[in-house]
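**Q** build me a model from this:
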Amino acid sequence: MNIAITGAPGRMGRTLVGLVHQDPQLTLVGATDRPDSSLLGTDIGALCGLGDLKVPLIDDLDACVTRPNVVIDFTTPAATMAHLTYCRQFGIGLIIGTTGFSSEEKDQIAEAAKEIPIVFAANYSVGVTVLLDLVKQTAALLGDDYDVEIVEMHHRHKVDAPSGTALRLGEAAAEGLKRNLEECAIYGREGAEGPRDNKTIGFATLRGGDVVGDHTVVYATEGERVELTHKASNRNTFAKGALRAARWLKDQPAGLYDMRNVLGL
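**A** Numbering: from 1, shown residues only. Predicted coordinates:
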């Protein structure tokens, strides 16, 4: 199975490259970087410490050694939209791990999924996928008597906030409570705001060091607190999930899928 990885020199990109190289059933046929990158033309194998991997960094998926079956994309919204156009043109499956999309961009992804298979997930961890179900079920069981707060922490280099995973957790809680997250989310508190509105869902964002990704959903009421937490200790968990999704996606018809579909939940 032929795989192309966009943003290959990045943290997630390098992890994906290493795992693809280890798998005899997968072949890396393309590795991209930004058009202004000084690394273009360099073998991604050399950058990842894989001396026997000779795949030069390119700035356009059209320059892949051969056409991929699936493109794996953990980049930026603008870059992902360009990669979406390429995949749509050639009928190629797309794994999207990028976060921070606008509503309009999400609509474009959904439209493209009418023509090509796409897995679009805020988090490719199997554990987080299970956590999403638990968050929804717990919110439904506890109800409006419990305040819901979501706390997330990532490394200092992460661009978007709150994280895509935190937002998806918020959506899961809102679904369980039959609320609309866009109407009830609180993304920051400062000053004399008065008592907490029990119909809101709060978010707290922490950034620092090299934290891969910590997420906690807190349900708090008078006298007790329930917390559901997921902590990622390295990026392999996300990369392995993305490759699992890629193998699954290869044989799927056009459609918009997430990790619940990949896991058969």
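
**Q** can we go C-alpha only for contacts and neighbour counts from here?
**A** Fine.

**Q** okay, now Ala82: neighbour count?
**A** 12 (other CA atoms under 10 Å).

**Q** name the SS class of it, please.
**A** helix (DSSP: H, G, I helix; E, B strand; the rest coil).

**Q** next, find the distance separating it from Ala174.
**A** Ala82 is 32 Å from Ala174, where distance means CA to CA, to the nearest Å.

**Q** now swap in Tyr257 and tell me
**A** For Tyr257 relative to Ala174 (CA to CA), the value is 20 Å.

**Q** these two - which one has more neighbours?
**A** Taking other CA under 10 Å, Tyr257 and Ala174 do not tie; Ala174 has more neighbours (24 against 19).

**Q** need the nearest residue in space to Thr138, chain neighbours excluded.
**A** Take Thr138 and drop its neighbours on the chain: the residue closest to it by CA to CA, 6 or more residues apart in numbering is Gly176, 7.5 Å away.

**Q** name the helices or strands packed onto the host helix or strand of that neighbour?
**A** For Gly176, the host element (DSSP states H and E) is helix 164-177. Helix 164-177 sits against helix 126-142, strand 147-154, helix 181-184, strand 201-207, strand 213-221, with contacts defined as 3 or more CA pairs under 8 Å, 6 or more residues apart in numbering; DSSP states H and E.

**Q** buried residues in the last one?
**A** What it means is strand 213-221. By 16 or more other CA atoms under 10 Å, the buried positions in strand 213-221 come out as Gly213, Asp214, His215, Thr216, Val217, Val218, Tyr219, Ala220.

**Q** mind listing the strands it pairs with, and their directions?
**A** According to DSSP bridges, strand 213-221 forms sheet pairs with strand 147-154 (antiparallel), strand 224-232 (antiparallel).

**Q** list the buried residues of the shortest one.
**A** Buried residues in strand 147-154, counting neighbours by 16+ other CA under 10 Å, are found at Asp147, Val148, Glu149, Ile150, Val151, Glu152, Met153, His154.

**Q** closest to Ala242 out of those residues?
**A** His154 (19.3 Å; CA to CA).

**Q** how close does that closest one sit to Ala232?
**A** Here the criterion is CA to CA. By it, His154 lies 10 Å from Ala232.

**Q** any shared contact partners between those two?
**A** Shared contacts of His154 and Ala232, defined by CA atoms under 8 Å, 6 or more residues apart in numbering, comprise Val212, Gly213, Asp214.

**Q** will you turn these into a markdown table that also has distance to Val71?
**A** Shown next, in a markdown table, are the shared contacts of His154 and Ala232 (distance: CA to CA, whole Å):
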| residue | distance to Val71 |
| --- | --- |
| Val212 | 23 |
| Gly213 | 24 |
| Asp214 | 27 |
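
**Q** can you redo the residues you listed as CSV with pLDDT and distance to Ile58?
**A** Output for the shared contacts of His154 and Ala232, formatted as CSV (pLDDT from 0 to 100; distance: CA to CA, whole Å):
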residue, pLDDT, distance to Ile58
Val212, 92, 27
Gly213, 93, 29
Asp214, 96, 33
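
**Q** between these, which is nearest Leu132?
**A** Asp214 (14.0 Å).

**Q** what's the nearest residue to that closest one if we skip its chain neighbours?
**A** Lys231 (4.4 Å).

**Q** burial measure for that neighbour, as a count.
**A** The tally of other residues near Lys231 (other CA under 10 Å) stands at 15.

**Q** show me what contacts it?
**A** Lys231 touches Gly213, Asp214, His215, counting by CA under 8 Å, 6+ apart.

**Q** before we move on, what about Thr27?
**A** Met1, Asn2, Ile3, Val20, His21.

**Q** among those, which one is most surrounded by other residues?
**A** Among those, the one with the most neighbours (other CA under 10 Å) is Ile3, at 25 neighbours.

**Q** ok, now how distant is it from Ala113?
**A** 19 Å.

**Q** can you give me the helices for the stretch 1-150 of the chain?
**A** With helices called from DSSP state H, counting those that start in this stretch, the stretch 1-150 of the chain shows them at 11-22, 44-47, 77-90, 103-112, 126-142.
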